[in-house]
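J.: sequence first, then the predicted structure, then my questions.
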Amino acid sequence: MKESLIYGKKKVVTGNHAVSYGVLLSKAEVIAAYPITPQTQIVELLSEFCASGLLKAKFIKVESEHSAMAACVGAAAAGCRTFTATSAHGLALMHEMLHWAVGGRLPIVLANVNRAMGPGWSVWTDQNDSLSQRDVGFVQFYCESNQEVLDTTIQAFKIAETCLIPVMLVLDAFVLSHTSEPVDIPYQDDVNKFLPPYKPKYFLDINDPRAFGGLTSPDHYYEIRYKIEEAHRKALKVSEEVDNDFYQIFGRKYGLVEAYHCEDAKLILVTSGTITGTARQVIDEERSKGKRVGLLKIRLFRPSPFSQIKEILTKAEKVAVIDRNISFGHSGIFCQEIKSILYNEIRRPMIFGFVIGLGGRDVIPEDIREIIDFTYKADYPQEMVYFRGLRI
Amino acid sequence: MRWKFANNSEEYMDQGHLACPGCGGAYAMRLALKALGKNTIVVIPACCWSIIDGPFPLHSLKVPVYHTAFETAAVVASGIRASLDIKGKTDIEVLAFAGDGGTLDIGIQALSAACERNDKIIYACYDNEAYMNTGIQRSSATPYGAWTTTTPRENFKKERKKNISEIIAAHRIPYVATASIGFPDDLIIKFKKAKEVKGTAFIHIFAPCPTGWRMAPELMITISQLAVDCKVFPLYEVFDGVKYVINYQPKNIPVKEYLKLQGRFSHLTEKEIEIIQREVDYNWEILIKKVKLYD
């Protein structure tokens, strides 16, 4: 592939390939991955980049996702910029090593294509795979478009390396991963300005021989965990700065959350991932009919952008949280999060939770309209969670 | 006895480590690092060495150590290797140093994959024939007849020990060797050879655990020599998965002499000892045939 055909062009690419281009531009040095639908195209294109010499990286073809993350852990500990990608069962298998990446303070970037967990086997989208990893300590971004996927990939390396915390960017299976959209591929020089080479302060150095990750007594462990929490708090600030810096060079920014027509909204929908795009369209329609509805897109899930969420949602009377995931025996996970963030506010909206579109069932504008109508009419959420479109 | 290599003054393991008295694993590391030297990065999965190295912020090796999860020694070593290669640091060796559980059981998948890719790492398994760090539970390296806390005497282990060197040799990696801490110079020579190999090297080290074997710590070297002389643990090399070379001719001592020093075998009857003797003799015959196959 000729360089002149890539950089600085508007190309029509899938969400998966948007990740690959992001990793190419970020000059990852070690990539380790294992095939899983619907992620595989990310690493297929990356192996082409490596084979052609366009990307000067070592690609380790591992035998499992557990090993993919373990290889990244080793490579990052030795001081390289590292990347892996996975989905669903692959992410679940990685779980142990996700902890290792966080505890080891390794700035690994992971792209997860949201895919529903089996059984029964599903390759279609929902968020239970990535949300099941909520508490490991990865930063998590949920993307709405292929351009956002590419841009977030580049931003992810900068955030990870600034805060020494791994970052997961998440995109919906098929709706983004296999759907082509026009995407601006930045110039390499511009990305170089934004993201200089990774120069780790701590790495496996034969001239300064130290042990990493050894036996840690209760005298030290607590403080080390606290520092991870500190890194997350820093990541909140850094993510915003990085987004602003990105805007200065590339003219695009996304925010940690995005408020769409929320200023005077009585009802605000809360969404993440590609449902946001569908909801945007419905909000426009409802607005044209005079309904005061707005939309809050959660882009950064961890660390949680508390203050922005509070500021926007406390102005509304009602909030409808749309979750493409479920915590069985409770409710949608974004809904729980929003409730916990708002609980201590004196003025807080009524919060309705909707679980929808599990296992990749289409979420269409009609669904969103129904949710808006239902929430408008209801006085109080009688249920912890409402299901829409159940065929039982 | 004065050893040519083992007694040299080069030391990369400090005093103050946390090994039990008479620990074969501790001595194995000390010898391995004498062979490999300063330009070495060590990867340690969950095993006795997770403890022996010492608690944060201390550690007992003069080389960098990466402690990792139980099943990941080989692949973390591969990741480090890739990182060093991309940075042009090809003069640094990566040594994965794992116990038998981390190698024969939970870590075999990642190890097999590293061998299949023929990554330039040295993988050493210090084999004390059970999960000693968790308190002496049977592993697939525990031999027939042994007591462990999960194979009580009235129901001692009935299965034979998994032959890891054969499994790894079947990957046709350039270098596989067995070694015993009772033959320190031989062990050091093998690590020096492993360093020169273009690809994966695997060294299976007989490393007794007096605590788990119910044995006096001062017998650590004796038992490591007896294991070889009784043909329980022959010293050999396999080049490219096919060329077998026996490095030491055993003295043909009956296996009973080896078993009787260890409390973990004290319940065995003459009949069971006979079964072990036959198995040991049979394994030796097979080994001889393999050596001849390539000659």
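T.: Happy to help now that I have it.

J.: next SSE downstream of the top helix by length along chain A?
T.: As assigned by DSSP state H, the longest helix anywhere in chain A is helix A:218-250. Following helix A:218-250 in sequence order, the next helix or strand is strand A:257-260 (DSSP states H and E).

J.: next SSE downstream of that next one?
T.: strand A:267-271.

J.: now that following strand: average pLDDT?
T.: Here strand A:267-271 scores 98 as its mean pLDDT.

J.: elements contacting it?
T.: Counting contacts by 3 or more C-beta pairs under 8 Å, 6 or more residues apart in numbering or on different chains; DSSP states H and E, strand A:267-271 is packed against helix A:275-288, strand A:293-298, helix A:306-313, strand A:318-323, helix A:333-342, helix A:365-377. Any C-beta I mention is one placed from the backbone N, CA and C, and that applies to glycine too.

J.: give me that answer again for 10 Å
T.: Here strand A:267-271 touches strand A:257-260, helix A:275-288, strand A:293-298, helix A:306-313, strand A:318-323, helix A:333-342, strand A:350-355, helix A:365-377, going by 3 or more C-beta pairs under 10 Å, 6 or more residues apart in numbering or on different chains; DSSP states H and E.

J.: compare the ones you listed and give me the one nearest chain B.
T.: helix A:333-342 (26.6 Å; C-beta to the nearest C-beta).

J.: tell me the angle the closest one makes with strand A:293-298.
T.: Relative orientation of helix A:333-342 and strand A:293-298, computed by axes from the mean of the first three to the mean of the last three C-alpha atoms, to 10 degrees: 100 degrees.

J.: buried residues, helix A:333-342. List them.
T.: A:333-339, A:341-342 (16 or more other C-beta atoms under 10 Å in any protein chain shown).

J.: where exactly do the helices run in chain B?
T.: Going by DSSP H, chain B shows helices at B:24-36, B:48-52, B:73-86, B:100, B:108-117, B:164-169, B:184-196, B:210-213, B:220-229, B:255-259, B:270-294.

J.: for the fifth one, C-alpha coordinates in PDB please.
T.: Pointing back at helix B:108-117 there. Taking C-alpha atoms only, helix B:108-117 is exported to PDB below (Å, rounded to 0.1, in the frame of the first residue of the first chain):
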ATOM      1  CA  ILE B 108       1.700 -25.300  28.700                       C
ATOM      2  CA  GLN B 109      -0.600 -23.500  26.200                       C
ATOM      3  CA  ALA B 110       1.400 -20.300  26.100                       C
ATOM      4  CA  LEU B 111       4.700 -22.300  26.200                       C
ATOM      5  CA  SER B 112       3.600 -24.400  23.200                       C
ATOM      6  CA  ALA B 113       2.700 -21.300  21.300                       C
ATOM      7  CA  ALA B 114       6.000 -19.600  22.000                       C
ATOM      8  CA  CYS B 115       7.800 -22.800  20.800                       C
ATOM      9  CA  GLU B 116       5.700 -23.000  17.700                       C
ATOM     10  CA  ARG B 117       6.700 -19.400  16.900                       C
END
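
J.: so which bits of it are buried?
T.: Buried-residue list, helix B:108-117, by 16+ other C-beta under 10 Å: B:108-115, B:117.

J.: which ones are touching B:G37?
T.: For B:G37, the contacting residues are A:206, B:10, B:12, B:63, B:93, B:191-192, B:195, by C-beta atoms under 10 Å, 6 or more residues apart in numbering or on different chains.

J.: need those residues in JSON lines (columns: distance to B:L84, pLDDT and neighbour count).
T.: Output for the contacts of B:G37, formatted as JSON lines (distance: C-beta to C-beta, whole Å; pLDDT from 0 to 100; neighbours: other C-beta atoms under 10 Å in any protein chain shown):
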{"residue": "A:I206", "distance to B:L84": "10", "pLDDT": "98", "neighbour count": "18"}
{"residue": "B:E10", "distance to B:L84": "22", "pLDDT": "90", "neighbour count": "10"}
{"residue": "B:Y12", "distance to B:L84": "18", "pLDDT": "97", "neighbour count": "20"}
{"residue": "B:V63", "distance to B:L84": "14", "pLDDT": "98", "neighbour count": "23"}
{"residue": "B:E93", "distance to B:L84": "9", "pLDDT": "98", "neighbour count": "24"}
{"residue": "B:F191", "distance to B:L84": "18", "pLDDT": "98", "neighbour count": "27"}
{"residue": "B:K192", "distance to B:L84": "20", "pLDDT": "97", "neighbour count": "14"}
{"residue": "B:K195", "distance to B:L84": "14", "pLDDT": "97", "neighbour count": "18"}
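
J.: A:K193: neighbour count?
T.: For A:K193, the neighbour count with other C-beta atoms under 10 Å in any protein chain shown is 12.

J.: and it, which helix or strand is it part of?
T.: Using DSSP H and E, the element containing A:K193 is helix A:188-194.

J.: ok, A:S64 to A:A173 distance?
T.: 20 Å (C-beta to C-beta, to the nearest Å).

J.: next one: A:I31
T.: 21 Å.

J.: those two: who's more crowded?
T.: A:I31 (30 against 27).

J.: highest mean neighbour count out of the helices and strands packed on strand A:267-271?
T.: strand A:318-323 (a mean of 27; mean count of other C-beta atoms under 10 Å in any protein chain shown).

J.: for that strand, name the packing helices and strands.
T.: So strand A:318-323, by 3+ C-beta pairs under 10 Å, 6+ apart, packs with strand A:267-271, helix A:275-288, strand A:293-298, helix A:306-313, helix A:333-342, strand A:350-355, helix A:365-377.

J.: run the last query once more with 8 Å
T.: strand A:267-271, helix A:333-342, strand A:350-355, helix A:365-377.

J.: which elements pack onto the longest one?
T.: What that stands for is helix A:365-377. Partner elements for helix A:365-377 (3+ C-beta pairs under 8 Å, 6+ apart): strand A:267-271, helix A:275-288, strand A:318-323, strand A:350-355.

J.: shaky segments in chain B?
T.: Applying pLDDT under 70 to chain B flags residues B:1-2.

J.: what distance do you get for the residue in the stretch 51-200 of chain B that chain A sits nearest to to A:F157?
T.: Nearest residue of the stretch 51-200 of chain B to chain A (C-beta to the nearest C-beta) works out as B:G79 at 2.6 Å. Look at B:G79 and A:F157: by C-beta to C-beta, they are 17 Å apart.
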